[in-house]
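> Pasted the sequence and its predicted model underneath.
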Amino acid sequence: MQYKWTVLTVTTVGILMAGLDSRIVIVGLPQVASALRADAEQAIWFTQAYVLGSTVALLLIGRVTDIVGRVKIYTSGFTVFTVGSALTSIAQEPTQVILFRSIQGLGAAILFTNSIAMITDATPKNELGFFLGVNQIAFRFGAMAGLTVSGVILSFLDWRALFYINVPIGIFGTVWAHRRLKEIASVERSAPIDWVGFITFTASITSFLLALTFAAYGIAEQITVYALLTISAISMLTFVAYERGIEHPLLDLKLLRIKEFTGGVIAQLLNAIAWGAVLLLLSLYFQLVLGLSPFDAGIRIIPFDIVFLFLGVVSGRLSDRFGHLPFTTSGLALTSISLYLFSTADASTPYSLVVIYMILLGVGVGMFISPNISSIMGSVPAQRRGIASAFRATFFNVGFTISLNLAILIMTFTVPYAIVTNIISPTNSIVIPEPDKLLFAEGLKKTYLWLAALNTAAIPPSVLRGGRAKNNAS
């Protein structure tokens, strides 16, 4: 079974790249916006385009993977990601950056979805938690490194280097994947692709994410937001009705009958909504409430990343021996506690106490994620792992997007909207008057309380999913 290590090493490179570029623009956003004369709305989409591109096509990717095979699609993901990176590095105006970043996100989606499916195919069930843990930690490490690497690059080179640095790595990854990976999955080569399902699902998810983004950042009128939400709802109802009536659906809705699969996906969605925005909130706390520089804020968040990286691997290994339930349940509980504790922090809170809160969050999230993914992927039939991985990844990305936008919306309940828009605008300095700092700190507290409540709601579906459905986990 040495092939399992080959799959792990090859997919880890792809996941690392995807994670790196999920964050690499955040630090350099003002430079990119300034160089291209982009306004605040366009700058927002420099990051949102990557998220949208890596979300809307996931189900189609998963279905095509089950029909064509994992290896071919995974290798093409490296190519798409590399091309998107190269095009972004030579973009001349904001619209081009937005378009090319979405292509880059599509490549990341292909890598992300197929990594999970290929590892599940190649790894014995009693080691699956550990291998998935290592793979997911690579994504998190890449996301963490994205903040640091971007700062180093921008200290010496132009903003375009943030993207063309991916080109040689992408070329190497494409060649390496082509030479080392082999197809071992059961595929449905004669099955047709459900284009109607793809169009309706994509319309629903895209409209929903656009509505959330427009509402959070105030870049569209309310009627536009309501129209997008209506389109999303109608498209989703159409999608479900159509999928139930065809022989080869984009999403096999029978998967939702597997309690372990459905409970895990629901718990993951709520958990992603709860903690997806926490690092942004912490960064704003350090910069706006405590007055630290962006670099110092990034350094102070590292304790969370270190604990998360360590616990992800350890919990994955232990869950292989003792089952997912002790770790998913404890992880969610600790995450809720940490979010509540963050709601008590203000300008006078010692950093040492904030570190304890961050460590608690890292332990909670690290304990939950790997065992939960192992539980989800181990519960579905082998021939459905591609679409199952895509479904899981779709709702993980949607959860993260909801988290960022929801956090901003909740803050506007307390903080005047003008202050929030000043914070997110790259054309303004992140400096606010002292009275507004206190107001902003109160907004952060309420946001953390809401997120703690959402995360606590993830515990019942996680517990009630039960154990492994042996007849499905083949």
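Arrived safely. Residues are numbered from 1 along each chain as shown.
> Report the residue spans of the stretch 101-250 of the chain with pLDDT below the cut-off.
Within the stretch 101-250 of the chain, the ranges that satisfy pLDDT under 70 run 144, 147-148, 151, 187-190, 216-220.
> Okay, helices next: where are they in it?
128-156, 161-164, 166-180, 195-217, 222-243 (DSSP state H, counting those that start in this stretch).
> what does the stretch 351-474 of the chain give?
Secondary structure of the stretch 351-474 of the chain, counting by DSSP H, counting those that start in this stretch: helices at 351-378, 385-411, 417-424, 434-456, 459-464.
> check contacts around residue 85.
Applying Cβ atoms under 8 Å, 6 or more residues apart in numbering to residue 85 gives the contacts 21, 104, 163-164, 166-167, 170. (Each C-beta comes from the backbone N, C-alpha and C, glycine too.)
> Let me see the confidence value for it.
In this model, residue 85 is scored at 90, pLDDT.
> For residue 91, find the nearest of the helices of the stretch 101-250 of the chain.
When the helices of the stretch 101-250 of the chain are compared for distance to residue 91 using Cβ to Cβ, the nearest one is helix 161-164, at 8.6 Å.
> outside of the closest one, which residues touch it?
Residues outside helix 161-164 that contact it (Cβ under 8 Å, 6+ apart) are 21, 24-25, 28, 32, 85-86, 88-89, 104, 150, 153-154.
> again, only using 7 Å
Residues lying outside helix 161-164 but in contact with it, judged by Cβ atoms under 7 Å, 6 or more residues apart in numbering, are 24-25, 28, 85-86, 88-89, 150, 153.
> So for residue 405, which of the helices of the stretch 101-250 of the chain sits nearest?
With respect to residue 405, and counting by Cβ to Cβ, the nearest of the helices of the stretch 101-250 of the chain is helix 195-217 at 3.6 Å.
> then the closest one to PDB, C-alphas only?
This file holds the C-alpha atoms of helix 195-217, laid out as PDB (Å, rounded to 0.1, in the frame of the first residue of the first chain):
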ATOM      1  CA  TRP A 195     -26.300  19.800 -17.500                       C
ATOM      2  CA  VAL A 196     -29.700  20.900 -16.400                       C
ATOM      3  CA  GLY A 197     -28.800  20.000 -12.800                       C
ATOM      4  CA  PHE A 198     -25.500  21.800 -13.200                       C
ATOM      5  CA  ILE A 199     -27.100  25.000 -14.500                       C
ATOM      6  CA  THR A 200     -29.900  25.200 -11.900                       C
ATOM      7  CA  PHE A 201     -27.500  24.400  -9.000                       C
ATOM      8  CA  THR A 202     -24.900  26.900 -10.200                       C
ATOM      9  CA  ALA A 203     -27.600  29.600 -10.600                       C
ATOM     10  CA  SER A 204     -28.800  28.900  -7.100                       C
ATOM     11  CA  ILE A 205     -25.400  29.000  -5.400                       C
ATOM     12  CA  THR A 206     -24.100  31.900  -7.400                       C
ATOM     13  CA  SER A 207     -27.100  34.000  -6.800                       C
ATOM     14  CA  PHE A 208     -27.000  33.200  -3.100                       C
ATOM     15  CA  LEU A 209     -23.300  34.100  -2.700                       C
ATOM     16  CA  LEU A 210     -23.800  37.300  -4.700                       C
ATOM     17  CA  ALA A 211     -26.700  38.300  -2.600                       C
ATOM     18  CA  LEU A 212     -24.700  37.700   0.600                       C
ATOM     19  CA  THR A 213     -21.700  39.700  -0.700                       C
ATOM     20  CA  PHE A 214     -23.800  42.600  -1.900                       C
ATOM     21  CA  ALA A 215     -25.800  42.700   1.400                       C
ATOM     22  CA  ALA A 216     -22.700  42.600   3.500                       C
ATOM     23  CA  TYR A 217     -20.700  45.200   1.700                       C
END
